[in-house]
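Q: Pasted the sequence and its predicted model underneath.
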Amino acid sequence: MKYQIVRSKRKTMAIYILENGVVEVRCPNQISDYEIKKFVSLKSAWIDKKVSESIALFSQKQKYTLDFSSKLLFMGIEYPLIKADKAFFDGNVFCSPELNLKQNILAIYKHLAEEIIKEKVMHFSKIMVCTPTDVKINSAKTRWGSCSGKNSLNFTWMLIMAEEKAIDYVIIHELAHIKEHNHSKKFWSIVEHYMPNYKIWQITLKSLAHIIS
């Protein structure tokens, strides 16, 4: 098994699986090559599993390099991207001039997120009888949504790539925080009341995050 070694002043030895399946062993300076080899051998089954997962995720990410052969996700469905004089999405295809392609697609996504997510927040806030002080769309990469102490909701525009039920879950999750600013049993009972199968959509969102992050 191939792996690269990074020695430092750290006190413990650990294995990291980098993008595209590269195995990296991080260890203290004084650790011998023999000890490293033994450590890797003991972890070989775990390493093989994680390397396979990493290579699969890397392959998926390559699909999202932006050019006119790309397929773009919108509410869980892939749509083609074609060259056109103006940038827009007509419900069947994403269109953009070649100039400023990335900025154009980002603008389309943000516009769609503004419309759809805010409309859904209004819908679910009536059902859940809780009203946010504000709803904003941002470019966060580490979380799908958040609720401030003042009950202002924030959602990343990337959420619009997820399946509709997954979007609904995130909105219900953040609206539930207006009632419970924590992740207590009471909080999760609120979420489950409005979306009994929410755990399915948690898994879906985790998979999507690996692809687009």
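A: Yep, it's here.
Q: Enumerate the beta-bridge partners assigned to the closest residue to residue 71 other than its chain neighbours.
A: Once flanking residues are discounted, residue 71 sits nearest to residue 78: 3.9 Å by CB to CB, 6 or more residues apart in numbering. For every residue, glycine as well, the C-beta is placed using N, CA and C. On the basis of DSSP bridges, residue 78 is bridged to residue 73.
Q: quick one: contacts for residue 98?
A: Applying CB atoms under 8 Å, 6 or more residues apart in numbering, we find residue 98 in contact with 68, 83.
Q: Got phi/psi on it?
A: phi -70, psi -30 (degrees, to the nearest 10).
Q: pLDDT wise, what is it at?
A: pLDDT for residue 98: 93.
Q: now it: how far from residue 104?
A: 9 Å (CB to CB, to the nearest Å).
Q: quick one: the residue nearest to residue 71 and residue 72 touch, right?
A: Yes: using CB atoms under 8 Å, residue 78 is in contact with residue 72, at 6.8 Å.
Q: For the two, indicate the residue with more neighbours.
A: The residue with more neighbours, out of residue 78 and residue 72 and counting by other CB atoms under 10 Å, is residue 72; that gives 18 against 12.
Q: And the pLDDT at the more buried one?
A: pLDDT at residue 72 comes out at 93.
Q: my read: it touches residue 94, true?
A: Yes: with contact defined as CB under 8 Å, residue 72 reaches residue 94; the gap is 5.0 Å.
Q: For stretch 128-143, give me every contacting residue.
A: By CB under 8 Å, 6+ apart, stretch 128-143 touches 110, 113-114, 117-118, 121, 125, 146-147, 150-158, 172, 174-176, 178-179, 190, 194, 213.
Q: actually stretch 151-161, not the one I wrote
A: Residues contacting stretch 151-161 (CB under 8 Å, 6+ apart): 73-76, 106, 109-110, 112-113, 116-117, 121, 131-141, 143-148, 166-167, 170-171, 174-175, 177-178, 208, 212.
Q: buried residues in stretch 161-170?
A: 161-163, 166-170 (16 or more other CB atoms under 10 Å).
Q: I misspoke; the intended subject was stretch 67-79.
A: Buried-residue list, stretch 67-79, by 16+ other CB under 10 Å: 70, 72-75, 79.
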